Every structure is written in C-alpha cells, then in structure tokens.
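*Asks:* Quick one, what's the 3D model for this:
(one chain, ligands or ions: 2)
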Amino acid sequence: MRVLTGIQSSGTLHIGNYFGAIKPMLELQEKSDLFIFIANYHALTSLKDAEAMKKNTLDAAITFLSLGIDPNKTTFWAQSHVKEVLELYWILSSFTPIGLLERAHSYKDKVAKGINANHALFSYPVLMAADILLYDAEVVPVGKDQIQHVEITRDIAVKFNNEHGNIFTLPEFKVDDNVATVPGVDGAKMSKSYGNTIDLFTTEKQLKKQVGKIVSDSTPVEEPKEYENCNIYTLSKLFLNEDELANLRDRYTKGGEGHGHFKMYLKEQIWDHFEEAREKKAYYDTHHDEVLEILDAGANKAQAIASEKMKIIRDAVGIL
Ligand code: ADP
Ligand code: TRP
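*Replies:* Residues are numbered from 1 along each chain as shown. Ligands and ions are numbered 1, 2, ... in the order given. You can find the predicted model right below:
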C-alpha cells in the first residue's frame, strides 16, 4: 500500500505534534510503502525569506530523521528535488475548474484573514494534487484541515481520467481519529498558537519550566490526590507503561507527595524519552552534508517513479 504525505516545516515542534502526527508516521513506516517529502514549494507561498526557506527545509529533514524516519524504509525527499511535480502541476491546472479552487476553505480562510493572496496560494491544491497523483499514492494521511485538498485531488484526477482513461489512482485521505488530543499545560489542546506547549527539542531547563507551568489543583501535599482529571497524569500516560502508571496512581492516592513531585517525574520521563532523538539531532545539526545526501538519495528514488509516470501522462495529453 503506497502511503504519501507532505510536511510543512512549521518551526518548533511540541509533544502534541509528536504523538498526533509523527509517531503514527513511524508506525506506518513499518507496515506500508511510505513516501514523505518536505513541501518546500508549498512553503514558498507564504515565506519569502531565502535563508529562512533553506533553514526550514533542513530543519524539517533533521527533525524527522532524528525522530526516527528511516530513509532505508521510507522514501524521504525535498519536494523541489523532483521537478516533474511542477510539470504535472501545469498539466493538472488544465483539468482544474476555477470554481473548485474558489471553494477551498483553506484559501478562503486566508483571504478572510486579510492575507494578500498570490496565484500560488490559490493554486496550492493543484500542486498538492500533483504531489499525490505523480506517485500513485493510495492513502494520504493528513490533518483535518487538509481533507478538502485531498478531495480536490480526487476531483481533478476524475476529470483527467474521464478524458484520458485510467491514468491516475484515486487517493483516500486518512485522518487518525484514534489519536487522542494531547492537552497543553493549561489543559486545552496543546498548540503553538495557544502558547501552552511542551516542546520536543529544548534545553532541560526550559523543559522544567514548561512542565512547571502545568495547571494542577491545590490539594495539600499530605492529602490523597485525584489523578483522573489531572493534566500531569494525562501527560504522563503518554510516556509510562502499565506498571509505571499503576505505581504513579499509588503515589497520587497515598498522599504525602505534592504535584511538584509528579511534575519532576514527568519532566524526567519526557527528557529520557527524547534523549536518542536529541543526540541524533545534535549530530545532524553539525552534519548538514549528510542530511542533504539522504534527501538526494530519496529524491532519486522518487524521481525514478515520477519520470516513468510523466511519460504516460505526457503521452496521454499529447505533449511531445
Ligand atoms: P499546532 O496546533 O501547534 O499549530 P499543527 O496544526 O501544525 O499544530 O499540527 C501539526 C500536526 O500535529 C497535525 O497532524 C495535528 O493533528 C497534530 N497535532 C497538533 N497538536 C496536537 C495535539 N495537541 N494533540 C494531538 N495532535 C496534535
Ligand atoms: N498542505 C499540506 C499541509 O499543509 C502539506 C502537503 C503538501 C501535503 N503536499 C501534500 C500533504 C501532499 C499531503 C499530500 O500540511
């Protein structure tokens, strides 16, 4: 089963991103033909600073490699390294009714927010369709906000196929409903826009500070404590096994320890959990050449598929 997704480098990742988006990818990598690329052409629709563009692309690659994306199992590359995607983008544009793009929520929301829209932002879903259709992806894991873009991809593919035969595989979107929403330090959904995050790659001091901000009730130290609705406990569940959890529940119900102790324990768990990833990141941060080589090798694999597919597509539409 070919599963494909694009990632936009969006700066500092938090543990909500890890459990909600990255960990499911690590599981998929074990059981599917996984394709992941860094959507740097898409990033250009909103980012105009060249240094920041380069840095974000590298950072995204480093983050995913450090967290366990394995280039021996997953085809992993930067979108801009396979130019065929731009050719297909143009061809698909000729099969994309304007109305289809005008209905895109993501575009409409951005315009409503007062963003000065450019053409690339408008045609963003067509490039996304090219990303997906070029590789005959069957399943596309996305966040809820991207579902409509996969539906647009299907619409474009159907239009093309009606004209030229069964050239494109119709992709299904996959939204992971099983993944629980990770709460932030204030108990609301952890999100970078709410400033309530616990970050993945941070210093131990900063981690301690972020965990310290978790809101908890003010039961006195000696009294037994509720763990059911305790944010510290909910977050601890992400890192502990059954025995460790039972042990932690005991500590809550016995009394004699304050929430500060449970926070210290959680902080240790988080710090240890990402130790290997931190080490890998420190390595890649100082070995950019190796990162670029990995992306290049991934691009070669992707391109072998893309160039074969483009021959079929060009032939179908009569491009010499
Ligand atoms: P943010 O809300 O911090 O801006 P994004 O919207 O960039 O996060 O989300 C990137 C990915 O991480 C998406 O797949 C999203 O579903 C997942 N994600 C983000 N926050 C959480 C959370 N609190 N719990 C679970 N998954 C999350
Ligand atoms: N638009 C997606 C996002 O913002 C990223 C993306 C680009 C993508 N091309 C894709 C996702 C193709 C899935 C398939 O998250």
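*Asks:* Please count neighbours and contacts with C-alpha atoms only from this point.
*Replies:* Noted.
*Asks:* in which helix or strand would I find the residue of the stretch 51-200 of the chain found nearest ligand 2?
*Replies:* Nearest residue of the stretch 51-200 of the chain to ligand 2 (C-alpha to the nearest ligand atom) works out as Met128 at 4.2 Å. Element membership of Met128, judged by DSSP states H and E, is helix 119-133.
*Asks:* where along the chain do the strands fall?
*Replies:* 2-7, 33-38, 75-78, 139-141, 172-174 (DSSP state E).
*Asks:* close to ligand 2, is the longest helix anywhere in the chain?
*Replies:* Longest helix of the chain, by residue count under DSSP state H: helix 288-317. No - against ligand 2, helix 288-317 shows no contacts by C-alpha under 6 Å from any ligand atom, the least distance being 13.8 Å.
*Asks:* between that helix and strand 33-38, how big is the angle?
*Replies:* On the basis of axes from the mean of the first three to the mean of the last three C-alpha atoms, to 10 degrees, helix 288-317 is oriented at 110 degrees to strand 33-38.
*Asks:* what's the spacing between helix 288-317 and its chain's center?
*Replies:* Remark: helix 288-317 is offset 21 Å from the chain centroid, using C-alpha atoms, centre = their mean, to the nearest Å.
*Asks:* and if you look at stretch 125-136?
*Replies:* For stretch 125-136, the distance to the chain centre is 17 Å (C-alpha atoms, centre = their mean).
*Asks:* The protein - how does it break down into domains?
*Replies:* For the chain, automatic domain parsing gives the domain ranges 2-182+288-317, 202-273.
*Asks:* Of the ones you listed, which is nearest Met190?
*Replies:* domain 2-182+288-317 (5.9 Å; C-alpha to C-alpha).
*Asks:* same question for the closest one, mean pLDDT?
*Replies:* In this model, domain 2-182+288-317 has a mean pLDDT of 95.
*Asks:* Report whether it contacts ligand 1.
*Replies:* Yes - against ligand 1, domain 2-182+288-317 shows contacts by C-alpha under 6 Å from any ligand atom at Gly16, Asn17, Phe19, Gly20, Ala21, Gly143, Ala180, Thr181, Val182.
*Asks:* Narrow those residues to those in helices?
*Replies:* Short answer: the residues of domain 2-182+288-317 next to ligand 1 in helices (DSSP H) are Gly16, Asn17.
*Asks:* Just the closest of the residues of domain 2-182+288-317 next to ligand 1 to Lys174, please.
*Replies:* Gly143 (8.4 Å).
*Asks:* Could you tell me how far the closest residue to the closest one other than its chain neighbours is located from Gln206?
*Replies:* Leaving aside its sequence neighbours, Gly143 sits nearest to Val175 (C-alpha to C-alpha, 6 or more residues apart in numbering; 6.1 Å). Look at Val175 and Gln206: by C-alpha to C-alpha, to the nearest Å, they are 32 Å apart.
*Asks:* Over to Phe35?
*Replies:* From Phe35 to Gln206 the distance is 34 Å (C-alpha to C-alpha).
*Asks:* which of those two has more neighbours?
*Replies:* The neighbour comparison of Phe35 against Gln206 (other C-alpha atoms under 10 Å) goes to Phe35, with 23 against 13.
*Asks:* isn't that one right up against Thr5?
*Replies:* Yes - in this structure, Phe35 is within contact of Thr5 by C-alpha atoms under 8 Å, at 6.4 Å.
*Asks:* Nothing else from me, thank you.
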